[in-house]
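[1] structure for the following, please:
(2 chains)
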2 protein chains.
Amino acid sequence: MTILTRVQLKAPYLLLIGAETDATYAKTALGLVQWCPEKVVGQLRFEGATVDLGVPDLSVAEAAERGCGSLVIGVAPVGGVVPDSWWSVINEAARAGLDIVSGLHLRLADREDLAEAAKHSHARLVDVRVPPAGLPVGTGKKRSGRRILTVAADCAIGKKYAALALHRALLDLDVDATYRATGQTGIMIAGEGLPIDAVVADFISGAAETLSPPNDPDHFDVVEGQGSIFHPGYSGVALGLMHGSQPDGFVVCHDPRRKVVSGWPHYDIPPLAEVIETHMMMGRRTNPDIRCVGVSVNTKGMPETERSDLLQALAEETGLPCIDPLVDGAGAIARYAVKHLSS
Amino acid sequence: MTILTRVQLKAPYLLLIGAETDATYAKTALGLVQWCPEKVVGQLRFEGATVDLGVPDLSVAEAAERGCGSLVIGVAPVGGVVPDSWWSVINEAARAGLDIVSGLHLRLADREDLAEAAKHSHARLVDVRVPPAGLPVGTGKKRSGRRILTVAADCAIGKKYAALALHRALLDLDVDATYRATGQTGIMIAGEGLPIDAVVADFISGAAETLSPPNDPDHFDVVEGQGSIFHPGYSGVALGLMHGSQPDGFVVCHDPRRKVVSGWPHYDIPPLAEVIETHMMMGRRTNPDIRCVGVSVNTKGMPETERSDLLQALAEETGLPCIDPLVDGAGAIARYAVKHLSS
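    So this is what the prediction gives:
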């Protein structure tokens, strides 16, 4: 067995949608088509499916013929339970030699029929929630290359999206850049990464170091943030990730309408200035030159005037580029980062 | 199988010393005799052993007769490898129905002969480095009772010792108090606890909440700190532990002669005032009333004048009780904590 220091996936993917009728549950598959269409060979849908990713409908055999590397379970079924009817297709894909990629809570290898099928064809069963073995303790040693981390005062507030948008904006500027995924959907999009919140506590910053290794001085890693150093449940993940990533710059993801921590309503969201200052202070420990390079704002549904007034006010308050990546892209932050972080 | 929310051990213990000739490697056994002699029934030594814990030499059969609950592997052999000759005795203890308790890196259940022996007698094989399953995510909800956490700017600087000394000093004041262990030796001493650095990252603060549950308003939990929020390798553990513990008070363990992080020489130890202030700032997130209640200083080997001058200078600087628990005990911190933290 190959020893991997990261989860690494085999593209291109066939996306299993099942009979899904609600796009909300197909978020992973939709994210893959949006962010890495070049890695998607097709979709596999069952009778009754109304969700359409806009890519070719393929059977397992057709996908295999086109050189498909992995069948990706692209839907998160309610309760995490995969309908029985899916397993015959998943087994068929494993028998055809396709890796099976899952972000579900169940362990693929626990399905005996699937394990058997995969064994014969040497297909891998990849649970993207499961970190590889042998992660090191963080060394804290300075690495070459530039790093930007997306952070926030809460979870589920746009850290993955902001990182993907910033990565794309850097590429648009012809900057050498890599997206570093820390969560399951991000890992599927990038084709590799480390599920940082599933790592054993002692190895969080070591995992972050492994994820963004030394690189060319002008290369940028854009690291997907997880959790929040302010979060009563997930602060350990966030601080270890920041210390291990040693970011030169960080982008704060901000939702002005979110007043309390989602799911933890007894916790206020701290003011933006405090979010920036606290990350500066804690981040300096492993990178004394850390700075904030922008604010990624969720302005969904805001009237245009309100939106532009808000972004302008935030820009005046922070002196930083403030954008909504869904509307504006992250070009302004990319330009600011290249200007202020380049060696 | 019983579902445990913590690692729980069965006292009293028979301490396996083997043929140890170097007290350094018998630290766990020595700690047990020092801090919980009432839990120790005897020592089990092989020919050639020169380390003597000052407790009765017993065979497995003799210990079993005296109602022994567990055989504790009290030595950390060089390289973590248990000599072959030990296993026959360990198996004998398991056959006699004693739980086997280990803080070694190997998993006891991986020894087939031992697993077989334990199965027949219903002895448990307890790896104190392995956290129990089913830990929750931290809720951040305020719990009744008082909590004190020991913290520091580095590892291996006296957090366990300070917590044990403070716990004892609180009991000496007739305060209802519990020591909450987060590391392997601490867990053996307390007879229960959670190896916080071995928990999956998402559950660090949830584990800390589980470890110090709601209690009587006047009850004190003294939580053994792990890692450091300043540590490039272990900051995630330390912040999650602090946020989950919601300490009302914290004690800083301080070694004035330690200038850099042990094993991470490119990291300075921050000044004491910064250590206090940063813990205040980050700790406020889950306990707005957090305060520092004392400094536990390592003065080992210092001439008496230098020692008392140092403690006095630190007391003037911080306005807090500053003691060396090995010399002075932790009574001064206990009195300060009771005075300032009681409801």
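[2] show the average pLDDT along the helix or strand where residue A:265 lies.
    For residue A:265, the host element (DSSP states H and E) is strand A:264-268. When pLDDT is averaged over strand A:264-268, the result is 97.
[3] try stretch A:198-207
    Average pLDDT, stretch A:198-207: 96.
[4] same deal with stretch A:274-283?
    98.
[5] please apply the same query to stretch A:127-140.
    93.
[6] next, the buried residues of that stretch.
    A:127, A:128, A:129, A:131, A:132, A:135, A:137, A:138, A:139, A:140 (16 or more other CB atoms under 10 Å in any protein chain shown). In this view, the C-beta of every residue, glycine as well, is placed from N, C-alpha and C.
[7] which ones among those map onto strands?
    Among the buried residues of stretch A:127-140, DSSP state E puts residue A:127 in strands.
[8] near chain B, list only the ones from the buried residues of stretch A:127-140.
    Contacts with chain B within the buried residues of stretch A:127-140, counted by CB under 8 Å from any CB of the partner chain: A:137, A:138, A:139, A:140.
[9] strands of the stretch 1-150 of chain A, start to end?
    According to DSSP state E, counting those that start in this stretch, the stretch 1-150 of chain A carries its strands in the segments A:7-8, A:13-18, A:40-45, A:70-73, A:99-102, A:125-127, A:146-152.
[10] okay, those strands in a markdown table with distance to residue A:223 next?
    Putting the strands of the stretch 1-150 of chain A into a markdown table (distance: least, CB to CB, whole Å) gives the following:
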| stretch | distance to residue A:223 |
| --- | --- |
| strand A:7-8 | 15 |
| strand A:13-18 | 23 |
| strand A:40-45 | 24 |
| strand A:70-73 | 23 |
| strand A:99-102 | 22 |
| strand A:125-127 | 21 |
| strand A:146-152 | 5 |
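[11] how about those, which one is nearest residue A:232?
    Closest of the strands of the stretch 1-150 of chain A to residue A:232 is strand A:146-152, at 14.4 Å (criterion: CB to CB).
[12] which strands or helices does that closest one pack on?
    Other helices and strands packing on strand A:146-152, by 3 or more CB pairs under 8 Å, 6 or more residues apart in numbering or on different chains; DSSP states H and E, are helix A:159-172, strand A:220-223, helix A:235-245, strand A:249-254, helix A:272-283, helix A:331-341.
[13] what does the stretch 1-150 of chain A put close to chain B?
    With CB under 8 Å from any CB as the criterion, the stretch 1-150 of chain A comes near chain B at residues A:137, A:138, A:139, A:140, A:141.
[14] between those, which is nearest residue B:103?
    Of these, the one sitting nearest to residue B:103 (CB to CB) turns out to be residue A:137, at 17.9 Å.
[15] correct me, but that closest one touches residue A:206?
    Yes: between residue A:137 and residue A:206 there is a contact at 4.8 Å, judged by CB atoms under 8 Å.
[16] okay, and the common contacts of those two?
    Residues touching both residue A:137 and residue A:206 (CB atoms under 8 Å, 6 or more residues apart in numbering or on different chains): residue B:233.
[17] for residue A:63, what are its contacts?
    Taking CB under 8 Å, 6+ apart, we find residue A:63 in contact with A:14, A:41, A:42, A:44, A:71, A:93, A:98.
[18] pLDDT for the residues you listed - can I get that in TSV?
    Formatted as TSV, the contacts of residue A:63 follow (pLDDT from 0 to 100):
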residue	pLDDT
A:14	98
A:41	98
A:42	97
A:44	96
A:71	98
A:93	97
A:98	98
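[19] among the residues you listed, who's most crowded?
    Neighbour counts for these (other CB atoms under 10 Å in any protein chain shown) peak at residue A:93, which has 29 neighbours.
[20] where does chain A have low pLDDT?
    Applying pLDDT under 70 to chain A picks out residues A:1-5, A:78-80, A:343.
[21] look at the residue nearest the centre of it and tell me its secondary structure.
    Centroid check for chain A by CA atoms, centre = their mean gives residue A:186 as the closest residue, at 2.6 Å. Assigned by DSSP: H, G, I helix; E, B strand; the rest coil, the conformation of residue A:186 is helix.
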